[in-house]
Structure formats: C-alpha cells, structure tokens
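[1] Sequence first, predicted model second:
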Amino acid sequence: MTKQKHTKRLGALLSGTLLFSMLLLPAQAGQMHILVDGSSYDGPVLMQNSTTYIPMRHFLTELGWTVQWDSAHGVAAAQKDGNIVSVDPSRQTLTVNGQTLSVSVPSQDERLYLPLRTLGAFLDYSVEWNGGNHVSLTSGGAADKWSGENLYWLSRIICAEAGGESLAGQVAVGNVVLNRVDSDEFPNTIHEVIFDRKHAVQFEPVSNGTVYNEPTETSVQAAKLALQGVNTAGKSLYFFNPSLSQGTWIADNRAYYTTIGCHQFYL
C-alpha cells in the first residue's frame, strides 16, 4: 500500500441527511460538463449545495437502462444486465441491487434527480471532478480504488465496528477512517490508521480481533462507496456508541456532528 496520503476526495461531500426542502438551483448552460466513458452527457443537471444531480430516467436511459415508474408504490425503478436501481422519493432513498442508502432526491419538472457521485459509485464508475465544473465517469475505473489493502482493511473495520448498522452508518465509519488518513493528526494509510497505537488502541476490534473477520457484502459495499467519496459523516474524526462507551474524552473535546444509528460522530 502506498505510504502517501489519499488524494482528498474531489467535489463536495455528500451528506445522506440533506433536507429535501433546500433550495434547488438548476445549472446554467455550460456550468457543468459531464463525460461518461468519454461521451458527453448533454441532459439537464441540478446543482444543490455544490452537489451535482442528474435526472434518473434521462441519465440511465442514455446508458442503456430500462426505466419505469411504479405508480402503485410510488417508486422509480431501472434495470440493466440483471442490475436493479430503485428510487423512493417519499423515503428519500436510493437502492442498488438490494443495498439502500438515504440520499437527497430532489425533483423538478416531473423529473427525479439523483446525486451523481453516489449513483456513479454504486454502479462501479470512477467519478472524478476535473477543474471544478468538469466531471468524468469511467466504467470499471473504480476498481483501482478498491484494489489491494485499502478495500481489504476498510471493509473489515467497517464490519467489525458497524456491521449491524445501516449502509449509511457503515459508510460513516469508513469516512472517519479516511478522514483520519487525510488528517495531519493521524497516520497516512488506512492500515496504519486502523492499527494506530500512538494514544492506545484506537478501534476496539483491533483489541478483540474482530477486525480480522470476513466482512459482509454490505460492509464491502460501504467501503467501496467511502473510497469513491460518498460521505455521510462529514469531516468527523471520531465516533462511539453511547450504549457501549461513555466517550467522555470525545464528547468533552470534540465538536458533535451527527448521530447515525447507534453511533455518535464528532469532528
């Protein structure tokens, strides 16, 4: 594994708790340039709090997906090559092949919009922001981020710490590890962060050995999403489960950010 710090994830951090009531601002002509495997996407785009959203039907149809609206259940669904994507605007959730994540699902002009980075990450695209308003999606390119020790250890610490949590909760644990990698306060690699003992063991699964257990499919997916820049914990560097630990030092010295499932997250 490289000893260099991970490149900071480009683009705005996605928060699974974005409020649907936020102001929606349509992108102006020429504001965003999106390439999918080298081909220009010329459909509508929404910008909300520096996050790029694309219309589900228009975008996925261009990629060869079949998209339908299930009026009985109020859900939009798309299928391609055995893969299934569904969006529930009432619950504000995106589900891909059975894995569900809470996301902001804005609507405009009878279109449902999805966060580009999250959808791309779920579909195994590498999503890169080049120069601020240029976005490139490369199919299969995300595999480079998942190779070697990065995915191996991140998925294991996620499963050991939050295997019973929602996908959003598991992604959040991955975010904390990656935030530490990016921080000058902590070591420079995922493996070193997990096994850091500078101020005693940082993660309980290192002490009890559960970090070595095989991760679940959901934990692997959470690690992949986190490595692709999907974020539900902001810039949090700490978390703890109040039912298992008082987290006294964290609560007294760090700023509270959010609670996801059983875990409280602190900056």
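    It's in.
[2] As a check, name the ranges of all helices in this structure.
    Using DSSP state H, the helices of the chain run over 56-62, 116-122, 143-146, 149-162, 167-182, 190-194, 204-208, 217-227, 248-253.
[3] helices and strands around the second one, which ones?
    Counting contacts by 3 or more Cβ pairs under 8 Å, 6 or more residues apart in numbering; DSSP states H and E, helix 116-122 packs against strand 51-55, strand 93-96, strand 99-102, strand 125-129, strand 134-139, helix 217-227. Where C-beta positions appear, they are placed from N, C-alpha and C, glycine not excepted.
[4] before we move on, what about the first one?
    Other helices and strands packing on helix 56-62, by 3+ Cβ pairs under 8 Å, 6+ apart, are strand 66-70, strand 75-80, strand 83-88, strand 111-115.
[5] Would you mark the buried spots in that helix?
    Met56, Arg57, Phe59, Leu60 (16 or more other Cβ atoms under 10 Å).
[6] Now the second one: closest residue in space that isn't a chain neighbour?
    Using Cβ to Cβ, 6 or more residues apart in numbering and skipping residues adjacent in sequence, the residue nearest Arg57 is Val67, 4.5 Å away.
[7] what about that neighbour, distance to Pro106?
    Separation of Val67 from Pro106 (Cβ to Cβ, to the nearest Å) stands at 17 Å.
[8] In terms of packing, which of those two has more residues around it?
    Using other Cβ atoms under 10 Å as the criterion, Val67 and Pro106 rank with Pro106 on top: 22 against 19.
[9] before we move on, back to that, TSV for the helices and strands packed on helix 116-122, including mean neighbour count, mean pLDDT and distance to His191?
    As requested, these are exported to TSV (neighbours: other Cβ atoms under 10 Å; pLDDT from 0 to 100; distance: least, Cβ to Cβ, whole Å):
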stretch	mean neighbour count	mean pLDDT	distance to His191
strand 51-55	24	88	31
strand 93-96	20	92	28
strand 99-102	18	90	25
strand 125-129	20	82	22
strand 134-139	18	84	26
helix 217-227	24	92	13
